[in-house]
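Undergrad: Turn this into a model:
(2 chains)
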Amino acid sequence: MSEFVLDINGARIKVNAAADETLLSVLRNRLDLTGTKYGCGEGQCGACTVLLDGRATRSCMTPLSVASGAKIVTVEGLEQNGKLSNVQQAFLDEGAFQCGYCTSGMIMAATAFLREVHKPSDKQIVEAMNGNICRCGTYPRILEAIRRASHQSASGGSR
Amino acid sequence: MSLVDKRTGDAIAINADSDMRFLHRETPSLDRRDFLKGLGAGLLVALSGPSVWTQESGRSFGGHELPKELGAWIHIGANGQVSVFTGKVEVGQNIRTSLAQLVAEELRVPFDSITMVMGDTDLVPWDMGTFGSLSTPTMGPQLRNMAVTARQTLLEMAAKRWSADVARLSAAEGRITDPETSHSLGYGELTRGEKLVKTVPDDPVLTPAGDWKIAGTPVSKVQGREFVTGRHKFPSDITRPDMMLGAVLRPEGFNATIASLDTTAAEKIPGVKVIRDGGFIGVAAQEAPAAQRALTAIQAKWTVPEQPSNQGIFDYLKNHPDGHNEGPQHVSGSVTDVWAEAELKLEAQYTVEYIAHSPLEPRAAVAEWNDGKLTVWTGTQRPFGVRDELMQVFKLPPEKVRVIQPDMGSGYGGKHTGEAAIEAARLAKAVGKPVKVVWTRREEFTWAYFRPAGLIEIKAGAHTDGSLIAWEHHNYNSGPAAIGTPYAVPNQLIQFHPAKSPLRQGSYRGLASTANHFARESHMDAVAHAAGIDPLEFRLKNLTDPRLRAVFQAATDKFGWGKSKSVPERGFGLAGGIDKGGHVATCAEVEIDPATKRIRIRRVTQAWDSGAVVNPDGLRNQLTGAIVQGIGGALFEKILFADGKILNPRFAQYRVPRFKDTPAIEIVLIDRKDLPSAGAGETGLVGLAPAVANAIFAASGVRVRSMPLAAGSSDAREAGSSFLS
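TA: Numbers count the residues shown, from 1 in each chain, chains lettered A, B, ... in the order given. Predicted structure coming up:
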C-alpha cells in the first residue's frame, strides 16, 4: 500500500492503495464515484471508460500507478455548473439509452472522440465506438446522439 | 370507508384513522406501515381481489397462487403529489415512464406529479415479476382502474363540499373545477387533513385511447438526467456504511464436488474473512483487491463428472425427454390423413444453440442484517421471487426479508433468480456487516442460466397452388412460446417436448418464440420457394388474421418488397408472427460477398402492432433494441461448453452485437387505438433471424437451418462481419 494523489474531475484526491489496484476499483470502491461501471474487467465492453489526459481509457485495465500521473475525468465531471456537456445533452435529447448501464462509458468514449474529430462521418463514429457494448441495442440512437453533439460542437456550442 | 377482500368477501374495516397495516394483512410489514404513515394524509386507492394474472408461457413459477394481497395502490398526498406502488420493475424497457403516463392520463394530473414506487417488497404489493410482456397489459389496466376511481372520488368530495352536482364538475391538471361557480380546488387541497381509503369497482369507465393526452405521447424517460450524469445508483452501485466486499469460490465445473480444500493462506491475508457454510465457500474483505487475492489463495480441488458438450447436443435433447411427455399441445384435423393429398411436401430440422443474456450489469447484491431482518438491494426481475428464495434459505418469515430493486442494468429474462442476493446475505450474516457481491463477467457467463437450445422438426404439406393443408411442428427443449402457427392450416399437429437440459436454462427475452418463429418462418419461405410463389404472396394466401396481414403489408410497403430482385450479392427476406399480443413483420436486406461468404445485414424494416401505443418513443426504442439484440442470436451468439465448463465466458470469446453489426433500421408502428395495449418487450425480436435466413437463401440458394446462421464467427474481433460456412 502506498499513497497516491489522483487528479479526478479537477480535484486532488489522496488514495491509499496498492499500485496495481485498478482505477475502476479505486473510483467505485474507494471514492464512491459509481458512474463508471464494471462490465467485463478486460477492456472488451467500454462500460468503465474514463478520460485520462483527454483520451478514452478503460479504467478496468488501468493500474492506479498509471492513473496517478494523469488528469482523470469521469462521467461525474462532465456537468459544469448544472449544465450538461454537449454529449450528455445529446444523449438525453435523443433518448439514447434503455437501461442506461452503458451510458456513462458511451458518453466518455464519445466525448474523447469528438474532441479529436470535429465533424465525423458515420463510419468514423461507428469505428470509434465499436468497443462499447450496449446490450439493449440502442446503437442507432447513440449514433444519432453523437451526430447531434458533433453538430452542436461544430456550431460553436460549449464542449 | 371499507375495503372488501373479493376472494373471501370479508370486509376489512378501515376508517380514516385506522392503522394502514391492515392494507397488507397477509404479511404485515413494519417498513411498509411506516412508509404509508409517512405518506401522511391523503387519498389512498387500492385494487383488491385477484388481479389479472397469467403464467409466463412455457415456464411456471411452481406453487405460486394468485396474489392474496392487494394488486397495487395509488396515494394522492396533501401536496397533490401522486405515488404509485407496483411490484413491476424498470430494467430499461421504460415501464416506469409508460405506467406513469397511464396513471397521469386517467387521474388528470400533470405527468411530473407522479412518482412510481417500484420493486421494493416492503413498500409495494406482491407481484409475480416483470416478464412475459405482461406489465403493460396487466399492470396498466390495474393502475388505470385505480386512477379512474381516485378521480371519481375526488369529484365526489368536491361535489359534497360545494353542494354541487357532481356531473357538472370537471377534473383536469390535478384540480376539480365547477364551471358554474368557478370553484376550483387542487387534489391535494381536497384531501388535506383526511386519510381516506377507497376500493376500486370492477369496471370503471376508462378513457378511450383516442382521447389520450398524456398516454400515447412520446414522453421522455423519467430520470433520464440521472443516467447521463452517472448519478443513478444501479444495484451494483449501492454502498452501505462499513460495507465489505464479497466474492464466492466457484467450482471448476457444473455438478462438481469438492475433493480437497485449504483456506489457510487466504485466512492469513489481513482484513479478510473466509466463510464456509456447507457447500458455500466465500470471502469478504474491506477492500476489493484483498477479497480477490483471498479467493485466488484458496486451494481447492474439484471432481467434475463427464458431461455433454455442444457436440451432438440436439440428438441428446431429443433422446432425453424430461419426465412425462406432455402430449400433443395442439391437434386439429389429421396431418396423417391428408399427407398423401399434398402435392408439395417439405420436412426439415431446425436448431438453436444455448445463448447467454449477458446483461451489461452482471448479477449484484448488497445485503445487510439489522436485528434479525435482512435487507437486500439487488438486480432482479422478480423482487418477491428473490424474497421467497431468501426466506427459504435463511428460514425467515416474509416480514423479516426486504428486497429492493433499484432500476438495473437490464436482464432480458436473465435475472429471475436471486443467486447474488443469497451469497451477499450469507456473507453479511457471517461477518456481521453489510456485504456487496458483484459477479464477474465470467461468473455471469457461467453461473447464471441460458436461453435453452432446441431442436425443431417441421413437416408441411401444400397443394401446388400454395394452399397449406398440413403442418406438423415438434419443439424439443426450447419451449412452447408461439409454437402454434398463425396461418390457416386445416390439419395440424403441434407439440412441445421438454428435455433434460445439460445446462441450466431459463427465461430469455422472447424465449422459445424466437426459435419457433425461426423454424416456422424459414419453413414457410422454403415452401413458398418450392411452390414458386413470392414469399409475401404465399403468406397472405394462407393467412386470415387481419392484424398480422396488416403488419406484413405495412412492413413490405415501407421496405419496398419486390422492387428489387435478390441476386447473389444481395438478398431480401421476410418473416412475421404473433406472440404475447404483439404482431410483427420483419423485412431484411442482406449483403453477401460470394467469394468470402462475408455477410452483413444492411437494412431492416419492421412493422408492429400491439394495440394502442402508450409511448411511441419508448416503443420504437424497444423494437429497435429487440432487432439489434436479435442479430446476436441470429448470426453469431453461441455458448460453447464441454464437461461442465463454459468454454467462451468472455466478451472476447462470446460475440455480442456491436455498432458495426447494426443495420439501418426502420420501424413502422400501427397504433390501434381501438384495441387494448399489449406488451412490447419481447416479440419485436422474433422476426429478425428468419428474415435474415430467408434473405440469405434468396441471395445464395443456401437454406441455413441453424441459429446462429453464420457458424464459426463467434470471435469478437470479427465485429461488423460474419461469414457463412
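Undergrad: ok, now which ones touch the residue in chain A that chain B sits nearest to?
TA: Proximity of chain A to chain B (C-beta to the nearest C-beta) peaks at A:G35, 2.0 Å away. The C-beta positions use only the backbone N, C-alpha and C, and glycine is treated the same way. Listed by C-beta atoms under 8 Å, 6 or more residues apart in numbering or on different chains, the contact set of A:G35 reads A:T74, A:V75, A:E76, A:S104, B:T229, B:G230, B:R231.
Undergrad: Just give the nearest non-adjacent residue to B:A588, would you?
TA: Excluding the flanking residues, the one nearest B:A588 by C-beta to C-beta, 6 or more residues apart in numbering or on different chains is B:A691, at 3.9 Å.
Undergrad: Next: B:R703.
TA: In this structure, B:R703 finds its nearest non-sequential neighbour in B:F697, 5.1 Å apart by C-beta to C-beta, 6+ apart.
Undergrad: Low-confidence regions, chain A specifically.
TA: By pLDDT under 70, the low-scoring segments of chain A are A:154-159.
Undergrad: ranges for the strands of it?
TA: Here chain A has its strands, by DSSP state E, at A:2-8, A:11-17, A:49-52, A:55-58, A:71-73.
Undergrad: And the last one, how far out from the chain middle?
TA: Between the mean C-alpha location of strand A:71-73 and the chain-wide mean there is a distance of 10 Å, by C-alpha atoms, centre = their mean, to the nearest Å.
Undergrad: In the stretch 201-350 of chain B, which residue sits nearest chain A?
TA: For the stretch 201-350 of chain B, C-beta to the nearest C-beta, closest residue to chain A: B:G230, 2.0 Å.
Undergrad: and that residue, how far is that from A:A128?
TA: Relative to A:A128, B:G230 is positioned 21 Å away (C-beta to C-beta, to the nearest Å).
Undergrad: who has more neighbours, the two?
TA: B:G230 (26 against 20; other C-beta atoms under 10 Å in any protein chain shown).
Undergrad: Wait, the residue nearest to B:A588 touches B:A575, no?
TA: Yes - the criterion here is C-beta atoms under 8 Å, and B:A691 meets it with B:A575 at 4.2 Å.
Undergrad: ok, residue 75 - how many residues close by?
TA: Picked chain A for this. A:V75 has 29 neighbours, counted by other C-beta under 10 Å.
Undergrad: not what I meant, chain B
TA: For B:H75, using other C-beta under 10 Å, the count is 22.
Undergrad: So it belongs to a helix, correct?
TA: No - read with DSSP: H, G, I helix; E, B strand; the rest coil, B:H75 is strand and lies in no helix.
Undergrad: Please verify my assumption that it contacts B:V82.
TA: Yes - between B:H75 and B:V82 there is a contact at 7.2 Å, judged by C-beta under 8 Å.
Undergrad: can you tell me which helix or strand B:Q381 belongs to?
TA: Here B:Q381 sits in a region with no helix or strand, counting by DSSP states H and E.
Undergrad: B:E347 belongs to a helix, doesn't it?
TA: No - under the criterion used here (three-state DSSP), B:E347 is strand, not part of a helix.
Undergrad: ok, now which ones touch it?
TA: Residues in contact with B:E347 (C-beta under 8 Å, 6+ apart) are B:E457, B:I458, B:K459, B:A460.
Undergrad: ok, 6 Å please
TA: By C-beta atoms under 6 Å, 6 or more residues apart in numbering or on different chains, the residues touching B:E347 are B:K459.
Undergrad: does it have beta-bridge partners, and which?
TA: Assessed by DSSP bridges, B:E347 has beta-bridge partners B:K459.
Undergrad: go on, B:G282?
TA: On the basis of DSSP bridges, B:G282 is bridged to B:V248, B:I275.
Undergrad: What separation is there between it and B:T181?
TA: In terms of C-beta to C-beta, B:G282 sits 69 Å off from B:T181.
Undergrad: Give me the more crowded residue out of these two.
TA: For the pair B:G282 and B:T181, the greater number of neighbours falls to B:G282 (25 against 11), based on other C-beta under 10 Å.
Undergrad: shouldn't the more buried one be in contact with B:V248?
TA: Yes - with contact defined as C-beta atoms under 6 Å, B:G282 counts as touching B:V248 (4.5 Å).
Undergrad: list the residues that contact both of these two?
TA: In terms of C-beta under 6 Å, 6+ apart, B:G282 and B:V248 are not both contacted by any residue.
Undergrad: Are there helices or strands packed against the longest helix along chain B, and which ones?
TA: Secondary structure assigned by DSSP state H gives helix B:140-162 as the longest helix of chain B. Here helix B:140-162 touches strand B:42-47, strand B:72-77, helix B:95-107, strand B:175-178, helix B:187-191, going by 3 or more C-beta pairs under 6 Å, 6 or more residues apart in numbering or on different chains; DSSP states H and E.
Undergrad: Can I get that helix in CSV, CA atoms only?
TA: The C-alpha trace of helix B:140-162 is given here as CSV (Å, rounded to 0.1, in the frame of the first residue of the first chain):
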residue,chain,number,x,y,z
GLY,B,140,-51.5,-0.9,-17.0
PRO,B,141,-55.3,-1.6,-16.7
GLN,B,142,-55.0,-2.1,-12.9
LEU,B,143,-53.4,1.2,-12.4
ARG,B,144,-55.8,2.9,-14.8
ASN,B,145,-58.8,1.4,-12.9
MET,B,146,-57.4,2.8,-9.6
ALA,B,147,-56.7,6.2,-11.1
VAL,B,148,-60.2,6.5,-12.5
THR,B,149,-61.6,5.6,-9.1
ALA,B,150,-59.4,8.2,-7.4
ARG,B,151,-60.5,10.8,-9.9
GLN,B,152,-64.2,9.9,-9.3
THR,B,153,-63.7,10.0,-5.5
LEU,B,154,-62.1,13.5,-5.8
LEU,B,155,-65.0,14.7,-7.9
GLU,B,156,-67.5,13.4,-5.3
MET,B,157,-65.6,15.0,-2.5
ALA,B,158,-65.6,18.4,-4.3
ALA,B,159,-69.3,18.0,-5.1
LYS,B,160,-70.1,17.3,-1.5
ARG,B,161,-68.0,20.3,-0.3
TRP,B,162,-69.6,22.7,-2.8
